[in-house]
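# Just the structure for this:
(2 chains)
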Amino acid sequence: VTRLKEHQRVMLDLIKRRADPPPDPYYGRLAASRDLVTVRTAALYWLAFQLENRCQLTTTLLKRLGRFDDVVSTFFCQHRTSPHVEARSDGFLVWLQADTDPVVRAVSQFEVAVLHVKAGCHELHEVLWDRHPDRVLVALETDDQLPGPDGCTYRLVIDGSLPGLLACDRAAAAS
Amino acid sequence: LNVPAVDAVAAVTAQPSQPSPALAVTYNGDDPTLLERLIPLVDLIEVSPDAITCRHGGRIGLGPDTMAELTTLAADRPIIAHGTGLSLASHDGWEDGYLALLYELFDHFDVAWHSEHLAFCVVDGEHLGTLLPVPRTEEAVDLVCDRVRAIQRWFAKPFLLEHVISLLPDPPAEYTMAGFLNEITERTGCGVILDAYNLVCDAYNRGLDVDAFLSELELDSVVEIHLAGGVRHDGFQLDVHSQTVPDRAMDIAAAVLPNAPNLRAVTFEYLKEAVPYLGADTICDELTRIREGLLS
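Below is the predicted model of the structure:
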């Protein structure tokens, strides 16, 4: 009989596709089974659903870019997902701040800042954009085409003490 | 923490007797109009503390809007708490964050009893994305019983455990499914939630012999029956609480009811995310069907 700790760690690795199964016939069969695929699919479905509810701007952007399913799957498999749904969605947005796409970085940074400020956190957040943030947010809202970089850098400040929570200025022309 | 352990069955049977088990329904917030329609149809409200959370400043707590709805609209309906996030059977401890939510709920309401799944969803602090059943071994019995006893001391209200569905084949086991539940309830005095729809799923997915399971299970320990419905996906019956109760689950509940002397409630569970698809009318009709079909 397998020890509980070993069993649970193997299950975590198998569900998150992190390691081959140990040399045990039970885990070998499990790793190749449709049952495991169903468990993983269900877990990914719920995670995607939660993220869509809590991170609407960023998930809309990722869908628009055709990356949503892959990004959620990568986040699930490679990231230590929190047991708490709020922390899980924060973790997703923070993780995306290392994305290669500058608009994904800016939108995810903006969204986590707004969520925190709306929840009563008092710290000030600053997000730099390589295109006008207003045009990006309107495009996400209206289904219009996303704007490209326009040669400027915009500094968007999110702070609970500001009227409307936001202030934006043109920080510099991009070199 | 010197509160004596509470035996679920003794505690619930010590309450004033009622002619038949109560009818309960899930309510996890965001729809006070629906709650107003549910209240006249039920005797108890089931709340999942981890489904009604929100962020207050730097901490995560119970959502004040949902708490206010329950306080004002459901003032005369006792609350029962049903968690999914404790991860009772994790090898390295349970979720303290969930316990904090449970304490918060107990601070606000006179919770009649509370319950959790006999499962784990967290490994080494990381969420699995699903609830998995705990392997039915002696080691797991010892671990679960220690934790159940601690919960019984801390909350001093009856505590129940629910068996979860298994989409995966069982790992090597030292107990049958019913024998595992029997051992834990015998050692701790906790009660059992018999989830009729989970048994339908296990029968479909894994070939569980439901009659044999019910013959072996000590029905004296069954305090609550859960009813729900879900969907079939890629050849699997899934536990998603998005449909009305299938006939087979109703039949299982009907078979258990007369043989479960300590049964206190039958609960219809639905996901709040399924309400737009199910519709409030269907949920209300389902409660009426359960009341008339099982509890009259």
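
# ok, which stretches of the chain are strands?
Picked chain A for this. Along chain A, counting by DSSP state E, strands occupy A:125-129, A:152-158, A:166-173.

# I was thinking of chain B, sorry if that wasn't clear
Using DSSP E, strands in chain B cover B:22-26, B:44-47, B:53-56, B:59-62, B:79-82, B:114-117, B:119-123, B:126-133, B:159-162, B:191-195, B:222-227, B:232-233, B:236-237, B:265-268.

# export these to CSV and tack on distance to A:A119, mean pLDDT and mean neighbour count?
For every residue, glycine as well, the C-beta is placed using N, CA and C. Formatted as CSV, these follow (distance: least, Cβ to Cβ, whole Å; pLDDT from 0 to 100; neighbours: other Cβ atoms under 10 Å in any protein chain shown):
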stretch, distance to A:A119, mean pLDDT, mean neighbour count
strand B:22-26, 25, 97, 23
strand B:44-47, 21, 97, 23
strand B:53-56, 4, 88, 17
strand B:59-62, 9, 92, 17
strand B:79-82, 24, 97, 24
strand B:114-117, 27, 98, 25
strand B:119-123, 23, 97, 24
strand B:126-133, 21, 96, 21
strand B:159-162, 32, 98, 24
strand B:191-195, 33, 98, 26
strand B:222-227, 33, 98, 27
strand B:232-233, 35, 89, 12
strand B:236-237, 37, 90, 22
strand B:265-268, 32, 98, 25
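
# Export these as JSON lines, with columns for distance to chain A.
Output for those, formatted as JSON lines (distance: least, Cβ to the nearest Cβ, whole Å):
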{"stretch": "strand B:22-26", "distance to chain A": "17"}
{"stretch": "strand B:44-47", "distance to chain A": "16"}
{"stretch": "strand B:53-56", "distance to chain A": "4"}
{"stretch": "strand B:59-62", "distance to chain A": "5"}
{"stretch": "strand B:79-82", "distance to chain A": "17"}
{"stretch": "strand B:114-117", "distance to chain A": "14"}
{"stretch": "strand B:119-123", "distance to chain A": "4"}
{"stretch": "strand B:126-133", "distance to chain A": "3"}
{"stretch": "strand B:159-162", "distance to chain A": "17"}
{"stretch": "strand B:191-195", "distance to chain A": "17"}
{"stretch": "strand B:222-227", "distance to chain A": "19"}
{"stretch": "strand B:232-233", "distance to chain A": "7"}
{"stretch": "strand B:236-237", "distance to chain A": "5"}
{"stretch": "strand B:265-268", "distance to chain A": "21"}
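
# Of all the ones you listed, which one is nearest A:E123?
Between A:E123 and the strands of chain B, the shortest gap by Cβ to Cβ is with strand B:53-56, which sits at 13.6 Å.

# So which residues of the stretch 51-200 of chain B form helices?
B:64-73, B:96-108, B:138-155, B:177-188, B:196-206 (DSSP state H, counting those that start in this stretch).

# roughly how far is the longest one from the heart of the chain?
In other words, helix B:138-155. 17 Å (Cα atoms, centre = their mean, to the nearest Å).

# could you check whether stretch A:14-25 is close to chain B?
Yes: using Cβ under 8 Å from any Cβ of the partner chain, stretch A:14-25 reaches chain B at A:I15.

# Could you list the residues in contact with that stretch?
Residues from elsewhere that reach stretch A:14-25, judged by Cβ atoms under 8 Å, 6 or more residues apart in numbering or on different chains: A:2, A:6, A:10, A:12-13, A:27-28, A:30-31, A:36, A:39-40, A:43, A:76-78, B:128-130.

# Just list the residues touching A:R105, thanks.
A:96-99.

# which stretches of the chain have low pLDDT?
In the absence of a named chain, this looks at chain A. A:1-2, A:172-175 (pLDDT under 70).

# was after chain B, sorry
For chain B (pLDDT under 70), the answer is B:1-19.

# most tightly surrounded among the helices of the stretch 51-200 of chain B?
Mean neighbour counts were compared across these using mean count of other Cβ atoms under 10 Å in any protein chain shown; the top stretch is helix B:196-206, at a mean of 22.

# Spatially nearest residue to A:L93 (excluding sequence neighbours)?
A:V112 (3.9 Å; Cβ to Cβ, 6 or more residues apart in numbering or on different chains).

# As CSV, could you dump the C-alpha coordinates of stretch B:248-263?
The C-alpha coordinates for stretch B:248-263 follow below in CSV (Å, rounded to 0.1, in the frame of the first residue of the first chain):
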residue,chain,number,x,y,z
ARG,B,248,-31.8,6.9,-10.1
ALA,B,249,-30.6,9.4,-7.4
MET,B,250,-34.1,9.9,-6.3
ASP,B,251,-34.6,6.2,-6.1
ILE,B,252,-31.4,5.8,-4.0
ALA,B,253,-32.6,8.5,-1.6
ALA,B,254,-36.0,6.9,-1.3
ALA,B,255,-34.4,3.6,-0.5
VAL,B,256,-32.1,5.1,2.2
LEU,B,257,-34.7,7.4,3.9
PRO,B,258,-36.7,4.7,5.8
ASN,B,259,-33.5,3.0,6.9
ALA,B,260,-31.6,6.0,8.2
PRO,B,261,-33.0,6.7,11.6
ASN,B,262,-30.8,9.8,12.3
LEU,B,263,-31.4,11.5,9.0
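
# From chain B, how far out is A:D70?
17 Å (Cβ to the nearest Cβ, to the nearest Å).

# which residue ends up closest to the midpoint of chain A in space?
A:F92 (3.2 Å; Cα atoms, centre = their mean).

# got the contact list for residue 122?
Going with chain A. A:160, B:57.

# meant chain B actually
Contacts of B:V122 (Cβ under 8 Å, 6+ apart): A:83, B:87, B:90, B:95, B:128.

# Looking at strand pairing, list the partners for it.
B:H127 (DSSP bridges).

# ok, now B:L161?
Applying DSSP bridges, one finds that B:L161 bridges with B:E116, B:V192.

# wait, isn't it in contact with B:C190?
Yes: counting by Cβ atoms under 8 Å, B:C190 is a contact partner of B:L161 at 5.9 Å.

# any residues in contact with both of the two?
B:148, B:184.

# In JSON lines, list the helices of the stretch 51-200 of chain B along with distance to chain A.
Converted to JSON lines, the helices of the stretch 51-200 of chain B look like this (distance: least, Cβ to the nearest Cβ, whole Å):
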{"stretch": "helix B:64-73", "distance to chain A": "12"}
{"stretch": "helix B:96-108", "distance to chain A": "6"}
{"stretch": "helix B:138-155", "distance to chain A": "5"}
{"stretch": "helix B:177-188", "distance to chain A": "13"}
{"stretch": "helix B:196-206", "distance to chain A": "8"}
